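Asker: A structural model of the following input is requested.
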Amino acid sequence: MDIKFNKVGYIYNEKTPLQKEILKDLNLEIKKNQINAIIGKSGSGKTTIIEMINALIIPTSGSILIDNCFIEKQSKIVNISVLRFNVGLIFEFPEEQFFNSTVEKEIEFGLKTFNYKTDEISKRVSNALKMVGLNESYLSRNPHTLSNGEKRKVAIASILVFNPKVIIFDEPTIGLDSNSKNNLMRLIKMLKNKYNKTIIIVTQDVDFLHKFTDYIFVLSDKKVILEGNKYQVFSETELLSKHGIGVPKTIEFSSKVFQIKDIKMGYRDEINDLIKDIYRYAK
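Answerer: All right, here's what the predicted structure looks like:
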């Protein structure tokens, strides 16, 4: 599913004394069937971008093309329900929006809202639950009594039940422990590799991203200032630091070793691989 931003701008509270420009002349193309990340310091416009992809807000200038759906200020969005059926947005702390008494009711709620075929809903709910690694015993449980990791899985299942082409995660690792983060990473990789989903992740957790992201957009000054694969982006340590953006700890450590010891260790995705390098050079 192609997603293209063409000179997109967005002004909060436009034409009021409280107006604030968030994005200006933004050009951006999301790579389909890849894990795409959008990073930037707080207030850089990351959440604004993903809300526009889901047509929750409309650009104040420019246009967005999502397959055959054209989003711009002057025109009426055609087939907005189809767009939202194909673009699943998982909000930061999505479990705070739970309001049903069972996991089953929580996951099936969206399908019923879209008047989906009643005789197929139960099967789709069970399949979505299995995809996130939860068995059918969870169907009758109260979602508010689950662990943080389990709640996040139920929230993701409530999106997967639609089988969307694009899945957007807004700060997905907040509130999760290390084990839950690893489970989430495996799930996201499976969605891409096995089900050919286009994934968009908005986060400041660069250590999480560095392990598996295909392509990264860096936001600052109301636009994309840098983009590329993770090695191209995270090698620009000075530029990222200038714009208040951190780099993964493995890259930060490798850079310091090069500066202090003049040893070029290269970039590693996993800390265990970095430890092996340290041991090899120490010998």
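
Asker: separation between Asn115 and Ser81?
Answerer: When C-beta to C-beta, to the nearest Å is the yardstick, Asn115 and Ser81 sit 10 Å from each other. Every residue, glycine included, has its C-beta placed from N, CA and C.

Asker: Show me which of these two is the more surrounded one.
Answerer: Counting neighbours by other C-beta atoms under 10 Å for Asn115 and for Ser81 shows that Ser81 has the greater number, 12 against 8.

Asker: Now name the helix or strand holding that one.
Answerer: helix 80-86 (DSSP states H and E).

Asker: how close does Leu160 get to Ile39?
Answerer: Plainly put, Leu160 is 24 Å away from Ile39 if you go by C-beta to C-beta.

Asker: Please tell me I have it right and His243 contacts Ile225.
Answerer: Yes: under the criterion of C-beta atoms under 8 Å, His243 lies in contact with Ile225, with a separation of 6.6 Å.

Asker: residues shared between the contacts of these two?
Answerer: Here His243 and Ile225 share the contacting residues Val218, scored by C-beta atoms under 8 Å, 6 or more residues apart in numbering.

Asker: buried set for stretch 190-198?
Answerer: Buried residues in stretch 190-198, counting neighbours by 16 or more other C-beta atoms under 10 Å, are found at Leu191, Lys192, Lys197, Thr198.

Asker: what would those look like in JSON lines with pLDDT and distance to Glu21?
Answerer: Compiled in JSON lines, those are given as follows (pLDDT from 0 to 100; distance: C-beta to C-beta, whole Å):
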{"residue": "Leu191", "pLDDT": "94", "distance to Glu21": "34"}
{"residue": "Lys192", "pLDDT": "94", "distance to Glu21": "34"}
{"residue": "Lys197", "pLDDT": "94", "distance to Glu21": "32"}
{"residue": "Thr198", "pLDDT": "96", "distance to Glu21": "28"}
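
Asker: Just the residues you listed: which are in helices?
Answerer: Secondary structure assignment (DSSP state H) places Leu191, Lys192 from the buried residues of stretch 190-198 within helices.

Asker: ok, of the buried residues of stretch 190-198, which one's closest to Glu92?
Answerer: Proximity to Glu92 was ranked across the buried residues of stretch 190-198 by C-beta to C-beta; first place goes to Leu191, at 18.8 Å.

Asker: what about this protein, any weak spots by pLDDT?
Answerer: Per-residue confidence for the chain (pLDDT under 70) gives these ranges: 76, 78, 254-283.
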